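A.B. asks: sequence unavailable; structure follows:
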Ligand SMILES: NC(=O)C1=CN([C@@H]2O[C@H](COP(=O)(O)OP(=O)(O)OC[C@H]3O[C@@H](n4cnc5c(N)ncnc54)[C@H](OP(=O)(O)O)[C@@H]3O)[C@@H](O)[C@H]2O)C=CC1
Ligand SMILES: O=C(O)C1=N[C@H](C(=O)O)C[C@H](O)C1
């Protein structure tokens, strides 16, 4: 975190009324290296200014004040407008929105030639490490079955989760062919089990998130690090130091 004399990174939170948006607003207010200048949600906000932050409906996105980085945890239907706004304004984008369609992933790749951009299916340090372990296990266990089971709260819309798909991509890099299963139950924040099975034995690699703050902290850290960088597609691990 920078000291009081460094300029603060101006943040637009996209998806502000959601579970992640609320965690971002709360945790941003506890830091001195970032300041939230705008909060955007799909529906009309009940109050225009809350705790000093200007709130906007998605339909008013273009009226948002100047910002350095947008942090987007919304839904796939909200992704194209925030990507376009970041390009128009020459601002950076940190997005954790999952369930994006292939054309949206292509647009993201293309935009990274013009703005600094980080999209990650999971902003926790633990999942970053799990991903490396999965690739190593897959390399070391040729011919073993690989299954990824993800569990989330009942409100989650996409399946398999973005994290499950990203872990699957790591398994594929290691030579495995993963299968997926999804559970939706209660208020589970997010659990991912990657299981390697052979006759007579089984390895289980598990990550359990018990609090969304881990994702929000990772995204705020990434936003503070991404501001002012050259255009490009950044990975979470590039910004962790
Ligand atoms: N990468 C990661 O580490 C993590 C990723 N996620 C992902 O983040 C996303 C949000 O999750 P969560 O907070 O639980 O979801 P919520 O449903 O709680 O919140 C969604 C937010 O997006 C807003 N929204 C919906 N549609 C639009 C739109 N068209 N334009 C602008 N804003 C819109 C909603 O506004 P309104 O309330 O007005 O409808 C709300 O503020 C999901 O894709 C989820 O998978 C979640 C946790 C961690
Ligand atoms: O929607 C969620 O809640 C989460 N979504 C992300 C995903 O799809 O992997 C990350 C985390 O598991 C929580």
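C.D. replies: Done, it's in. As the structure is a computational prediction, the values presented were derived from the model and not from experiment. Ligands and ions are numbered 1, 2, ... in the order given.

A.B. asks: walk me through the domains of the chain.
C.D. replies: Domain ranges of the chain: 9-119+214-239, 125-210, per the TED database.

A.B. asks: for ligand 2, find the nearest of those.
C.D. replies: domain 125-210 (2.9 Å; CB to the nearest ligand atom). Using the backbone N, CA and C atoms, a C-beta is placed for each residue, glycine as well.

A.B. asks: the closest one close to ligand 2?
C.D. replies: Yes - using CB under 6 Å from any ligand atom, domain 125-210 comes into contact with ligand 2 via 152, 156, 161, 162, 163, 190.

A.B. asks: how close does the last one get to residue 207?
C.D. replies: Residue 190 sits 8 Å away from residue 207 when distances are taken as CB to CB, to the nearest Å.

A.B. asks: check contacts around the residue minimising distance to the centre of the chain.
C.D. replies: With distances taken as CA atoms, centre = their mean, residue 96 lies nearest the centre of the chain, 2.0 Å away. Residue 96 makes contact with 20, 72, 73, 119, 120, 121, 122, 123, 162, 215, 219 under the criterion CB atoms under 8 Å, 6 or more residues apart in numbering.

A.B. asks: what's the pLDDT at it?
C.D. replies: Per-residue pLDDT puts residue 96 at 98.

A.B. asks: does residue 170 count as helix, strand or coil?
C.D. replies: helix (DSSP: H, G, I helix; E, B strand; the rest coil).

A.B. asks: got the contact list for residue 142?
C.D. replies: Applying CB under 8 Å, 6+ apart to residue 142 gives the contacts residue 175.

A.B. asks: excluding chain neighbours, what is closest to the closest residue to ligand 1 within the chain?
C.D. replies: Using CB to the nearest ligand atom, the closest approach of the chain to ligand 1 is made by residue 18 at 2.0 Å. Nearest residue to residue 18, sequence neighbours excluded (CB to CB, 6 or more residues apart in numbering): residue 73, at 6.3 Å.
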